[in-house]
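In: Below is the sequence, then the predicted model.
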Amino acid sequence: MPWFKYVAYEKSGKKVESSIEADNMPMAQKELKEFKQLMVSSITPLKGAGAHGKGLFGGNRNVAVRDLEYLTSELNLLLESGVMFDKAVELLAKAKRNTGIGEVLGQISLKLKSGSTISEAFGSFSALFDKLYVNLLKIGEESGTLGPVFKGLSRDLKFRNDLRQTIIQATTYPVIIFAVCMLSVVFIFNYIVPKMAVLFADAEQLPVHTQIILGISDWLMAYQVYVVVVLLASAALLYQNRQNPQLIAWFHQRSRLVPGIRIVVQMSERIRFCSSMSLLLKAGIAMDTAVSLSAGNSVNSEIRRELEGVSDSIRKGIQLSQALAGTTLFSDLFLSLIEIGEESGEVTQIFNELADRSRNEFTQWVSRVTALLEPLLIITMGLIVGGVVVTMMLSVMSINDVAV
């Protein structure tokens with residue numbers, strides 16, 4: 001669906017410049033005039049605008065996970081207060097006017113007024129609201145339990161946002177240290193080592209470690225521009241092909257071979273699967289359908305394929321715990337808990353418990369890793385910088401000894 005950039009004026013005379021998504025320009029003008037009550041001065045197609053791009057933990061480039069969390073929580077509060085859903089969406093759209101999420105809500109409100117169902121209206125923004133979100137809305141719409149559905153979704157989105165903020169805060173300092181370390185190395189080999197190399201100009205035989213340091217300095221000064229260009233070009237190429245299915249499948253496959261990344265993938269996918277299963281089973285979805293929908297919500301294509309096989313096994317009559325045993329997602333302890341839940345008829349509660357345990361486990365793991373990164377990076381920086389300085393000083397001393 002295309003986007004249009006517009007300039008308009010409110011009744012108070014305030015100038016408004018923003019963008020809006022619509023089927024065509026007349027529809028955009030109609031929404032601005034009737035729904036937003038704006039006097040349109042100019043409206044033009046926004047070049048290069050299209051579907052929203054996904055971010056690290058979902059969402060898009062205009063709407064953050066935090067915005068989705070607040071939106072879902074606010075909808076839950078309004079529904080619990082007795083406000084009709086279409087009215088709740090309209091109120092929030094007006095309250096969030098001229099924001100990314102406000103534009104989306106405005107479009108959803110128009111679709112609801114034109115006769116679309118709630119799930120259809122939200123589903124038209126597939127890059128923002130994933131399949132699980134839309135399917136749960138459809139279930140809540142049909143069963144009259146939209147309030148609990150939004151409450152569960154809000155809880156899940158809150159965890160994603162909190163975890164994202166925790167990771168950002170915990171990795172900021174190590175990233176700064178790493179950047180300083182790299183800049184220090186570049187500075188030493190570009191300025192310090194070349195100046196000290198003059199001292200060895202007349203030396204007939206240099207120590208091996210001195211030759212290595214000087215060789216690295218010469219190579220870096222000669223080729224560092226090309227290295228930077230290659231790195232930037234590679235980054236740009238990867239960014240342009242970030243939606244390439246073959247590249248994504250290759251990355252998902254290789255990511256499970258790296259120990260640290262494999263743990264992150266397994267933990268995050270386990271959290272996603274367990275929380276999805278808890279929400280779906282609580283909504284009354286059949287086990288095989290719940291597994292199928294939860295599998296479709298998986299980000300990693302390799303794990304998604306494993307979980308889709310679990311859904312097929314359940315339809316053949318195999319117990320859930322036995323089917324999940326063929327995947328790499330659950331440990332023996334978690335599988336035994338699922339088996340207990342099947343025998344006691346409390347599978348929903350078990351998956352809720354597993355989701356909480358996995359969240360706590362992931363949060364603790366991230367805290368431990370980031371706590372270890374700081375001293376490791378500091379030590380590495382000290383070893384690199386100190387090693388170069390000590391090597392050059394030893395070289396100077398050895399030259400002086402030879403001269404004496």
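Out: Happy to help now that I have it.

In: Does residue 97 touch residue 38 like I think?
Out: No. Contact between residue 97 and residue 38 fails when scored by C-beta atoms under 8 Å: they sit 9.7 Å apart. (Each C-beta comes from the backbone N, C-alpha and C, glycine too.)

In: Looking at those two, which is more packed in?
Out: residue 38 (22 against 16; other C-beta atoms under 10 Å).

In: quick one: contacts for that one?
Out: 8, 9, 10, 16, 32 (C-beta atoms under 8 Å, 6 or more residues apart in numbering).

In: check contacts around residue 109.
Out: Here residue 109 is in contact with 35, 86, 89, 90, 93 (C-beta under 8 Å, 6+ apart).

In: which one among those gets closest to residue 169?
Out: residue 93 (31.8 Å; C-beta to C-beta).

In: what's around the closest one, how many residues?
Out: Neighbour number of residue 93 under other C-beta under 10 Å is 22.

In: buried set for the helix or strand hosting it?
Out: Assigned by DSSP states H and E, residue 93 belongs to helix 85-95. Applying a neighbour-count criterion of 16 or more other C-beta atoms under 10 Å, one finds 85, 88, 89, 90, 91, 92, 93 buried in helix 85-95.

In: Which helix or strand lies directly C-terminal to it?
Out: Next along from helix 85-95, by DSSP H and E: helix 100-113.

In: what mean pLDDT does stretch 218-230 have?
Out: Mean pLDDT, computed over stretch 218-230, is 90.

In: cool, stretch 191-198 as well?
Out: 80.

In: Return it as PDB; C-alpha atoms alone will do.
Out: Output of stretch 191-198 as PDB, limited to C-alpha atoms (Å, rounded to 0.1, in the frame of the first residue of the first chain):
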ATOM      1  CA  TYR A 191      51.600   7.300  14.100                       C
ATOM      2  CA  ILE A 192      53.500   5.900  17.000                       C
ATOM      3  CA  VAL A 193      55.200   2.900  15.300                       C
ATOM      4  CA  PRO A 194      56.200   4.800  12.100                       C
ATOM      5  CA  LYS A 195      57.900   7.500  14.200                       C
ATOM      6  CA  MET A 196      59.800   4.900  16.200                       C
ATOM      7  CA  ALA A 197      60.700   3.000  13.000                       C
ATOM      8  CA  VAL A 198      63.200   5.900  12.300                       C
END
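
In: Now do it: distance to the chain's middle.
Out: 44 Å (C-alpha atoms, centre = their mean, to the nearest Å).

In: Ok, stretch 226-239 next?
Out: Taking mean C-alpha positions (C-alpha atoms, centre = their mean), stretch 226-239 and its chain are 22 Å apart.

In: what do you get for stretch 8-19?
Out: The answer for stretch 8-19 is 34 Å, by C-alpha atoms, centre = their mean.

In: just stretch 218-238 next, same as before
Out: Offset of stretch 218-238 from its chain centre (C-alpha atoms, centre = their mean): 27 Å.

In: What are the contacting residues of that stretch?
Out: By C-beta under 8 Å, 6+ apart, stretch 218-238 touches 186, 189, 190, 194, 247.

In: The fourth one reaches residue 201, doesn't it?
Out: What it means is residue 194. No. Applying C-beta under 8 Å as the test, residue 194 and residue 201 come out as separate, 11.3 Å apart.

In: The two: which is more packed in?
Out: Shown here are residue 194 and residue 201; by other C-beta under 10 Å, residue 194 has more neighbours (14 against 6).

In: what's the helix or strand for the more buried one?
Out: Going by DSSP H and E, residue 194 is in helix 193-197.

In: How about that helix, which residues are buried there?
Out: 193, 196, 197.

In: Which residue lies closest in space to the first one, excluding its sequence neighbours?
Out: Right, residue 193. Excluding its sequence neighbours, the residue lying closest to residue 193 (C-beta to C-beta, 6 or more residues apart in numbering) is residue 217, at 4.1 Å.

In: so that neighbour sits right up against residue 195, yeah?
Out: No. Using C-beta under 8 Å, residue 217 is not in contact with residue 195; the gap is 10.3 Å.

In: Where does residue 5 sit: helix, strand or coil?
Out: Secondary structure, DSSP: H, G, I helix; E, B strand; the rest coil: residue 5 is strand.

In: is it true that it touches residue 44?
Out: Yes. With contact defined as C-beta under 8 Å, residue 5 counts as touching residue 44 (5.5 Å).

In: Which one's more surrounded, these two?
Out: residue 5 (16 against 11).

In: that older thread, output the helix holding residue 93 in CSV with nothing but the alpha carbons.
Out: Only the C-alpha atoms of helix 85-95 are listed here, as CSV (Å, rounded to 0.1, in the frame of the first residue of the first chain):
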residue,chain,number,x,y,z
PHE,A,85,-13.1,-1.7,20.4
ASP,A,86,-13.7,0.6,17.4
LYS,A,87,-14.1,3.5,19.8
ALA,A,88,-10.9,2.5,21.7
VAL,A,89,-9.0,2.5,18.4
GLU,A,90,-10.4,5.9,17.4
LEU,A,91,-9.5,7.4,20.8
LEU,A,92,-5.9,6.1,20.6
ALA,A,93,-5.5,7.3,17.0
LYS,A,94,-6.5,10.8,18.0
ALA,A,95,-4.2,10.7,21.1
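
In: centre of the chain versus it, how much separation?
Out: 28 Å.

In: elements contacting that helix?
Out: helix 65-80, helix 100-113 (3 or more C-beta pairs under 8 Å, 6 or more residues apart in numbering; DSSP states H and E).

In: ranges for the strands of the chain?
Out: 3-9, 15-21, 39-45 (DSSP state E).

In: Helix or strand with the lowest mean pLDDT in this structure?
Out: strand 15-21 (a mean of 70; mean pLDDT, DSSP states H and E).

In: so what's residue 121 scoring on pLDDT?
Out: For residue 121, pLDDT reads 87.

In: I meant to write residue 245 there.
Out: pLDDT, residue 245: 75.

In: Point out where the stretch 101-250 of the chain drops to low pLDDT.
Out: For the stretch 101-250 of the chain, the stretches with pLDDT under 70 are 202-204.

In: Tell me which residues touch residue 323, please.
Out: 309, 310, 313, 314.

In: before we move on, back to that, tell me which strands and helices the helix holding residue 194 is in contact with?
Out: helix 208-240, helix 347-403.

In: Name the residues that touch that helix?
Out: 213, 214, 216, 217, 221, 388, 392, 396.
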